[in-house]
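Enquirer: Coordinates for the following, if possible.
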Amino acid sequence: MGQFTCRNDNCGTGGWSSRMVAITIRQYPGRNYNARVYHQRCQGCSPLSRPFLDGSYAERIAYRLKKWSGIEVETPFYSDESKGPHQSSLCKAGHCSQIKKEDRFL
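Expert: Reported below is the predicted structural model:
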């Protein structure tokens, strides 16, 4: 979940929020990891925009790492009240969970 701001001064959209921000988490030796956050395209003019993540970002990463390590954790609840239609075409190519696997990286 995050907020995006269009960097194009001539674009009228200004910005948008998204409840689906694609990430990749990689674990390295020594139980080190990094989490890569992917950008989204502006619906109005198409350039990529980097998200400003909400406060649940670190909590979500920690939840995934604990699950993958076999630690029992309660599934967190996140409200869907502001969830709108998802436009996979605006996600960073190949990193959208809503795109069928066979259609990725084409």
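
Enquirer: Ser18: neighbouring residues, count only.
Expert: 20 (other Cβ atoms under 10 Å). In short, each C-beta sits where N, CA and C put it, glycine included.

Enquirer: residue contacts, it?
Expert: With contact set as Cβ atoms under 8 Å, 6 or more residues apart in numbering, Ser18 has these partners: 1-2, 4, 40, 51.

Enquirer: Tell me the bridge partners for Gln3.
Expert: Residues found in beta-bridge contact with Gln3 (criterion: DSSP bridges) are Ser17, Phe52.

Enquirer: My understanding was that it contacts Gly55; is that so?
Expert: No. Here Gln3 does not reach Gly55: they are 11.9 Å apart, not a contact under Cβ atoms under 8 Å.

Enquirer: Between these two, which is the more surrounded one?
Expert: Legend: neighbour count by other Cβ under 10 Å for Gln3 and Gly55, higher for Gln3 (14 against 7).

Enquirer: ok, the more buried one to Tyr63 distance?
Expert: 21 Å (Cβ to Cβ, to the nearest Å).

Enquirer: Quick test: name the residue nearest the centre of the chain.
Expert: Val21 (1.5 Å; Cα atoms, centre = their mean).

Enquirer: could you pull out the helices for this protein?
Expert: Using DSSP state H, the helices of the chain run over residues 57-68.
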